[in-house]
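In: Make a model of this:
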Amino acid sequence: MGIGDLDRCVIRDASEEDLPVIVKIYNHYVETSTATFDEEPQSLEQRREWFRRHGDRYPVLVAELNGVVVGWAAISPFSDRPAYRLTVEDSVYVHSEFTGRGVGSQLLQELIARARRLDYHRIVARIAEENEGSVRLHRRFGFKEVGTMEEVGYKFGHWLNVTIMMLPLNQSSGS
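Out: Just a heads-up that it's a prediction; the model follows:
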């Protein structure tokens, strides 16, 4: 698959059949990076439960290239407390062989569009400060840095700061 093929990347709703690839992509980052603060690989059953909790209000998307899933993205509740119901958090993960080639941009663009259609008010991104690629990706889509949580994570033998980024969506007052 050449780089020009990425123009034909299809972004679609994920299905349970996509979960093995979603798990594989995610677990690569669990084991090799600070893109996630999980420290143990996720099982297929753990991801199946995660997927079932998402439903229509919290879409999970995949990027498919020539019939192969090369990335996934999701919006999740920011908090389980009711007053946060119109704020969501995003996740974007791209297969390591396809990073930096536009897949994450396509996923995030569709995720933002879905969040707007679902009438969410804000999307929050919590990104390990050293994950510069994710910070750049979110900036390109208008996310602004609103703060840093210092040394809130500990992975691979060192403390991690987390950059908080936010994107305003609909300006509705909520319900």
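
In: alpha carbons only for contacts and neighbour counts from here, please
Out: OK.

In: okay, and for this structure, where does confidence drop off?
Out: Across the chain, the ranges flagged by pLDDT under 70 are 1-7, 171-175.

In: Look at the residue nearest the centre of the chain and give its secondary structure.
Out: By C-alpha atoms, centre = their mean, the chain has its centre lying nearest to Ser91, at 1.3 Å. Put simply, Ser91 is strand when judged by DSSP: H, G, I helix; E, B strand; the rest coil.

In: so it makes contact with Gly71?
Out: No - applying C-alpha atoms under 8 Å as the test, Ser91 and Gly71 come out as separate, 10.8 Å apart.

In: ok, back up a step: so what's the residue nearest to the centre of the chain up against?
Out: With contacts defined as C-alpha atoms under 8 Å, 6 or more residues apart in numbering, Ser91 is in contact with Ala73, Ala74, Ile75, Ala125.

In: How about it: which residues does it bridge to?
Out: Partner residues in beta bridges with Ser91: Ala74, with DSSP bridges as the criterion.

In: returning to that earlier point: include distance to Met166 when you put the contacts of Ser91 into a markdown table, please.
Out: Supplementary listing: the contacts of Ser91 in a markdown table, determined by distance: C-alpha to C-alpha, whole Å:
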| residue | distance to Met166 |
| --- | --- |
| Ala73 | 17 |
| Ala74 | 16 |
| Ile75 | 13 |
| Ala125 | 6 |
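
In: can I get the residues you listed in TSV with distance to Leu137 and neighbour count?
Out: Formatted as TSV, the contacts of Ser91 follow (distance: C-alpha to C-alpha, whole Å; neighbours: other C-alpha atoms under 10 Å):
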residue	distance to Leu137	neighbour count
Ala73	13	25
Ala74	15	22
Ile75	16	25
Ala125	11	25
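
In: ranges for the helices of the chain?
Out: Remark: helices assigned in the chain by DSSP state H are 19-32, 44-54, 103-117, 132-140.

In: Of those helices, which is nearest Ala63?
Out: Nearest of those to Ala63, taken as C-alpha to C-alpha: helix 103-117 at 6.7 Å.
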